[in-house]
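**Student:** How does the following fold in three dimensions:
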Amino acid sequence: MIKFKVEVNPFLKKAVINSKIGKILYTKIMYYEDIDEWNSFEFGGKTFDIQFHYDAEFLVSIYPVEENKVDYTNPYEVELTFKMTD
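**Tutor:** Sure, this is the predicted structure:
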């Protein structure tokens, strides 16, 4: 099972996404504009959809994409932390 660690700086609207797939550690830096925004990224030849959203608290959800279809029923585990400085 793939797990993600996401560190968000809410002031810069920046997210650093880390995940180990197999024996390789992948890192991706993304920026978001809104508190309900979707994007996608690739790690190790796999595609993932990511949602930055606010629902009583700020959340990040990541979903698998296979054959250009998102599986919303199987979100990955996300360990979310916040960085409040540069």
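
**Student:** Which pLDDT does the model give Thr85?
**Tutor:** On pLDDT, Thr85 comes in at 89.

**Student:** Can you tell me the SS state at it?
**Tutor:** Classification of Thr85 by DSSP: H, G, I helix; E, B strand; the rest coil places it in coil.

**Student:** neighbours of it, just the number please.
**Tutor:** For Thr85, the tally of surrounding residues (other CB atoms under 10 Å) stands at 6. (Glycine included, C-beta is placed from N, CA and C.)

**Student:** go on, Lys83?
**Tutor:** 14.

**Student:** again with Met1
**Tutor:** Applying other CB under 10 Å, I find that Met1 has 4 neighbouring residues.

**Student:** pretty sure it contacts Pro64?
**Tutor:** No: using CB atoms under 8 Å, Met1 is not in contact with Pro64; the gap is 10.9 Å.

**Student:** Quick check: neighbours shared by these two?
**Tutor:** Applying CB atoms under 8 Å, 6 or more residues apart in numbering, one finds that Met1 and Pro64 are jointly contacted by Tyr76.

**Student:** Would you quantify the distance from the closest residue in space to Ile21 that isn't next to it in sequence to Tyr63?
**Tutor:** What sits nearest to Ile21 in space, not counting adjacent residues and going by CB to CB, 6 or more residues apart in numbering, is Gly44, at 4.3 Å. Distance from Gly44 to Tyr63, counting by CB to CB, to the nearest Å: 16 Å.

**Student:** Which one of these two is surrounded by more residues?
**Tutor:** Tyr63 (18 against 11).
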